[in-house]
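> Turn this into a model:
(chains A and B)
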Amino acid sequence: KAGVTQTPRYLIKTRGQQVTLSCSPISGHRSVSWYQQTPGQGLQFLFEYFSETQRNKGNFPGRFSGRQFSNSRSEMNVSTLELGDSALYLCASSWSGTDAEQYFGPGTRLTVT
Amino acid sequence: AQSVTQLGSHVSVSEGALVLLRCNYSSSVPPYLFWYVQYPNQGLQLLLKYTTGATLVKGINGFEAEFKKSETSFHLTKPSAHMSDAAEYFCAVSPPGGSNYKLTFGKGTLLTVNP
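Now for the predicted structure:
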């Protein structure tokens, strides 16, 4: 069974631009969560989607948004990029999101210059 | 709000020595607890988890952890370190009720294994 895939793996953007990251969950998984990992703040929860609905959201500004498609693939978008948005963005999938093990993808390394 | 504290951002052991990585949590109700490992340029891999039942949990690669409610701890141990164990380890908790999609992570402990 294929694991969680994230594209692209590496990305360099300029301040003020916007970016879209993609996550394909494990086949059959309906829950996708997104996390931001930085050296200073560590791993922080961004949001989670289940069956195309956002069920929970972390404490991030509105510049961070996401969506999930009917095939459970998910995208997250960051608008008006700031230098502080440079991070490893991880997505995780699980069957239902509740009482289920999360499987993490390799992440997308975003660098904002 | 829940929080997780990992004591020691960097732990160094010799190959064959005991590995002990410490994790304490704060929660009004015992949460679900997890240990993840992250190798360079990779995502997180689940080592083990505690939900309910037996407080001593065995995971992959010879790791185990014990849930101690009275101490609000969930320390990770391995009797004998191997070079391949060198990685960063994260302790995480999920909100009461087991909503695993929203994990709160500790800051991580980087484990170095010396030959």
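> who's in contact with the nearest residue to B:V93 once chain neighbours are set aside?
Nearest residue to B:V93 in three dimensions, chain neighbours excluded: B:P31, at 4.3 Å (CB to CB, 6 or more residues apart in numbering or on different chains). Where C-beta positions appear, they are placed from N, C-alpha and C, glycine not excepted. Going by CB atoms under 8 Å, 6 or more residues apart in numbering or on different chains, B:P31 touches B:Q2, B:Y25, B:V93, B:S94, B:P95, B:P96.
> just B:L20 next, same as before
By CB under 8 Å, 6+ apart, the residues touching B:L20 are B:V11, B:H75, B:L76, B:T77.
> That one and chain A: what is the separation?
The gap separating B:L20 from chain A is 21 Å, by CB to the nearest CB, to the nearest Å.
> all strands of the chain, in order?
No chain in the question, so chain A it is. For chain A, the strands defined by DSSP state E occupy A:5-7, A:10-13, A:19-24, A:31-38, A:42-50, A:53-57, A:64-68, A:74-78, A:87-94, A:103-104, A:108-112.
> You answered for a different chain; I wanted chain B.
Going by DSSP E, chain B shows strands at B:3-7, B:10-14, B:19-26, B:32-38, B:44-50, B:56-58, B:64-68, B:73-78, B:87-94, B:104-105, B:109-114.
> where's the residue nearest the centre of chain B relative to B:Y89, distance?
Residue closest to the average C-alpha location in chain B (CA atoms, centre = their mean): B:W35, at 3.4 Å. As judged by CB to CB, to the nearest Å, B:W35 and B:Y89 stand 6 Å apart.
> Quickly list what's touching both of these two.
B:L21, B:L47, B:L76.
> returning to that earlier point: from the strands of chain A, which stretch is densest packed?
strand A:87-94 (a mean of 25; mean count of other CB atoms under 10 Å in any protein chain shown).
> who in chain B is up against chain A?
For chain B, the residues in contact with chain A (CB under 8 Å from any CB of the partner chain) are B:32, B:36, B:41-46, B:49, B:51, B:90, B:92, B:98-108.
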